[in-house]
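Visitor: build me a structure from this.
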Amino acid sequence: MQQIDMNSPEFQAELEKTWRFVEKVNDRFGFVQNPDEEINEGVAMGLARNRLIYGKRYCPCFMVVGETPEERQKADNRICPCKPALEKEIPEDGVCHCGIFCTPEYAEKKRLEERAEEAAHQHSRGLSQEEAELLLEKEQLDGDEIEALLEARELGMVRFTLVDVREPMEYQMGHIKGTDELWPTTRFYDWFEKIQSRKEERFILYCHTGSRSYQVQHVMKAQGFRHVGNFTHGIIAYPGEIVRG
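Guide: Residues are numbered from 1 along each chain as shown. Next up is the predicted model:
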């Protein structure tokens, strides 16, 4: 395999051509670049590397199959901008698999999500209405985000049900202030039957370390519950107030 020196004039010249190529793709299809510059830089460097090695800008997120140009063509390797991205990924998800090309709507949403996460982690200010709503859409949340959402809920910005899926004894030993319901996993089928009419509600689940709640989250989503978040690391990682008893 040909070794590429990232600092060589040859690579730097190809990288400049790649950025011009990216701009042309954006102009042609109405795309914009990902707000995360690290993603863009990594993908652009991968495209430039493949162009120098293989003579084509093969997608850097997939292995290039084939030893010869004929074998690579027969293997139908992805060439940027690839057909799956143009026909399925970007129309459906707003972003290509590698992440460098996205719709303006996707990019704006990502910028808002980043601001919401920054506000939640810095504790420098409360969340705005829009930030709280976007944060509530995340499937995996950390302690700072849970605390910020509980504060936003107190202010009437968002509505959700915070659920402890541990056992009653664990709940008594300590639970997150603001917990609304207790759904012990050992009595899963009992309470799961009772919540079937609540599939459009928003829930955030937590347990001790995040594993039980993660499992419950996936079962609920598989059964048609659309808005179920999980406290990834559980109550042991919660920075806010814990209620005893």
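Visitor: where are the low-confidence patches of this protein?
Guide: By pLDDT under 70, the low-scoring segments of the chain are 1-2, 121-125.
Visitor: okay, domains of it per the record?
Guide: 9-102, 108-243 (automatic domain parsing).
Visitor: part of a helix, is residue 189?
Guide: Yes - with DSSP: H, G, I helix; E, B strand; the rest coil as the criterion, residue 189 is part of a helix.
Visitor: how near is it to residue 238?
Guide: Taking C-beta to C-beta, to the nearest Å as the measure, residue 189 falls 28 Å from residue 238. Using the backbone N, CA and C atoms, a C-beta is placed for each residue, glycine as well.
Visitor: ditto for residue 95
Guide: Using C-beta to C-beta, one gets 32 Å for the distance from residue 95 to residue 238.
Visitor: still on that earlier bit, which of residue 189 and residue 238 has more residues huddled nearby?
Guide: Higher neighbour count among residue 189 and residue 238: residue 238, with 20 against 8, using other C-beta atoms under 10 Å.
Visitor: my read is that that one contacts residue 150, right?
Guide: No - between residue 238 and residue 150 there is no contact under C-beta atoms under 8 Å: 10.2 Å.
Visitor: contacts only, for the residue positioned nearest the centre of the chain.
Guide: Centroid-nearest residue in the chain: residue 138, 7.3 Å away (criterion: C-alpha atoms, centre = their mean). Going by C-beta atoms under 8 Å, 6 or more residues apart in numbering, residue 138 touches 113, 145, 229.
Visitor: need phi/psi at residue 227.
Guide: Here is the backbone geometry of residue 227 (degrees, to the nearest 10): phi -120, psi 80.
Visitor: please identify every residue contacting each of residue 238 and residue 150.
Guide: By C-beta under 8 Å, 6+ apart, the residues touching both residue 238 and residue 150 are residue 176.
Visitor: what residues does the nearest residue to residue 10 once chain neighbours are set aside make contact with?
Guide: Spatially, and ignoring its direct neighbours in sequence, residue 10 is nearest to residue 52 (6.9 Å; C-beta to C-beta, 6 or more residues apart in numbering). Residues in contact with residue 52, defined by C-beta under 8 Å, 6+ apart, are 2, 4, 10-11, 14.
Visitor: host element of residue 52?
Guide: helix 37-54 (DSSP states H and E).
Visitor: hmm, who's touching the helix or strand that comes right after that helix?
Guide: Per DSSP H and E, the first helix or strand lying C-terminal to helix 37-54 is helix 69-74. Applying C-beta under 8 Å, 6+ apart, the external contacts of helix 69-74 come out as 54-56, 58, 64-66.
Visitor: in helix 69-74, what's buried?
Guide: residue 72 (16 or more other C-beta atoms under 10 Å).
Visitor: how about the secondary structure of residue 230?
Guide: From three-state DSSP, the assignment for residue 230 is strand.
Visitor: where's it relative to residue 141, distance?
Guide: Counting by C-beta to C-beta - residue 230 and residue 141 are separated by 7 Å.
Visitor: and what of residue 79?
Guide: 38 Å.
Visitor: more crowded one of the two?
Guide: Taking neighbours as other C-beta under 10 Å, residue 79 and residue 141 compare with residue 141 leading, 24 against 16.
Visitor: quick one: the lengthiest helix in the chain to helix 37-54, angle?
Guide: Using DSSP state H, we find that the single longest helix of the chain is helix 9-29. Per axes from the mean of the first three to the mean of the last three C-alpha atoms, to 10 degrees, the angle that helix 9-29 makes with helix 37-54 is 110 degrees.
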